[in-house]
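Engineer: curious how this folds, go ahead:
(one chain, ligands or ions: 1)
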Amino acid sequence: MSKKIALVTGGTGGIGTAICRRLADDGLQVVAAYTNEEKAKAWKDQQKEAGYDFEISHINVGEFESCQQACQEVVERLGPISVLVNNAGITRDGFMKKMSWEKWHEVIKVNLDSVFNMSKACLDNMLEAKYGRIINISSINGQKGQMGQTNYSAAKAGMHGFTKALAQETARKGITVNTISPGYIATDMIMKIDEPIRNSIMEGIPVGRFGKPEEIAGAVAYLASDEAGFITGSNLAINGGQHMC
Ligand SMILES: NC(=O)c1ccc[n+]([C@@H]2O[C@H](COP(=O)([O-])OP(=O)(O)OC[C@H]3O[C@@H](n4cnc5c(N)ncnc54)[C@H](OP(=O)(O)O)[C@@H]3O)[C@@H](O)[C@H]2O)c1
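Structural biologist: Residues are numbered from 1 along each chain as shown. Reported below is the predicted structural model:
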């Protein structure tokens, strides 16, 4: 039997890499989407050395046409996409007083428009197959808000509304749509925060440490599995107890 195909946006990043590996370990054929060609090629070689044979696909998730074209190309080359993980994301922090429209818009495009663009590009095939898994990687800061991140908090909160609405539309079609909201996970995105600020963030995490990318990947793998067919429209908070709701 041919393998199910999973497409992971931001697949070459910190959390993305762990997701790609875990889905591959679970027997899926994984396509990692990227924008940085040089980084992606080096990443693919590194993964190969570690025993993972990933496909890669250039997709600018903020651009509707880029998503349409790239997904069509993946479908033609490999087959329909069964699992979509909307994981690509960026931050452009700044207090509202100094937040430019460009910083606002860039973050909304990459973190939220992307979810529409990619889901739209994959949905028809999922509907035809009467099967699909869409998993959106949001953030604790979309749940609780974070000063200096009006753009990011708004984009990540918007994902929840999208998830719940699309989950209702697709519930009878074999397609589940869920969100995962990670807390602070030890990736480059977090490790580039100044050390004193990072330490003060860690003090606020009841579990007493940052999360591991593999801890997010494990939840993605579960939501992507056949076993999770009764979970849809949900939000799974994985944050070491930092925000409970
Ligand atoms: N790390 C955390 O603590 C944390 C906490 C909560 C939520 N999250 C969320 O988890 C997700 C992954 O975060 P991470 O820590 O793994 O970050 P990361 O290592 O910086 O990875 C982000 C990925 O997004 C991709 N990307 C950026 N702009 C893109 C665009 N326009 N089109 C397509 N891909 C684009 C990047 O690919 P290229 O390099 O090829 O551009 C990169 O692979 C993000 O959505 C983030 O907001 C992270």
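
Engineer: look through the protein and tell me its longest strand.
Structural biologist: Secondary structure of the chain per DSSP state E: the longest strand is strand 175-182.

Engineer: and after that strand, which helix or strand comes next?
Structural biologist: helix 188-191 (DSSP states H and E).

Engineer: quick one: that next one near the ligand?
Structural biologist: Yes - if you take CB under 6 Å from any ligand atom as the test, helix 188-191 does meet the ligand, through Asp188, Met189, Ile190. Where C-beta positions appear, they are placed from N, C-alpha and C, glycine not excepted.

Engineer: which of those residues has the most neighbours?
Structural biologist: Neighbour counts for these, by other CB atoms under 10 Å, peak at Ile190, which reaches 17 neighbours.

Engineer: list phi and psi for the spatially closest residue to that one that is not a sequence neighbour.
Structural biologist: Nearest non-adjacent residue to Ile190, counting by CB to CB, 6 or more residues apart in numbering: Tyr184, 5.4 Å away. Backbone dihedrals for Tyr184, given as degrees, to the nearest 10, come out at phi -80, psi 120.

Engineer: contacting residues for Tyr184?
Structural biologist: When contacts are counted by CB atoms under 8 Å, 6 or more residues apart in numbering, Tyr184 touches Ile140, Ile190, Ile201, Met202, Ile205, Phe210, Gly211, Asn239, Gly240, Gln242.

Engineer: picking that back up, I'd like the mean pLDDT over the longest strand of the chain, please.
Structural biologist: Throughout strand 175-182, pLDDT has a mean value of 98.

Engineer: still on that earlier bit, distance check, the residue nearest to Ile190 against the ligand.
Structural biologist: According to CB to the nearest ligand atom, to the nearest Å, Tyr184 and the ligand sit 5 Å apart.

Engineer: adjust the sequence numbering to begin at 359 for everything that follows.
Structural biologist: Got it, first residue is 359 now, which makes that one Tyr542.

Engineer: and that residue, how far from Ile589?
Structural biologist: The gap separating Tyr542 from Ile589 is 24 Å, by CB to CB, to the nearest Å.

Engineer: where along this structure do the strands fall?
Structural biologist: Using DSSP E, strands in the chain cover 363-366, 387-392, 413-416, 439-444, 490-495, 533-540, 593-596.

Engineer: what comes up buried for the third one?
Structural biologist: Of the residues in strand 413-416, those with enough neighbours to count as buried (16 or more other CB atoms under 10 Å) are Glu413, Ile414, Ser415.

Engineer: re earlier: dump the residues of helix 546-549 next to the ligand to a markdown table, plus pLDDT.
Structural biologist: A markdown table is the format used below for the residues of helix 546-549 next to the ligand (pLDDT from 0 to 100):
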| residue | pLDDT |
| --- | --- |
| Asp546 | 85 |
| Met547 | 75 |
| Ile548 | 83 |
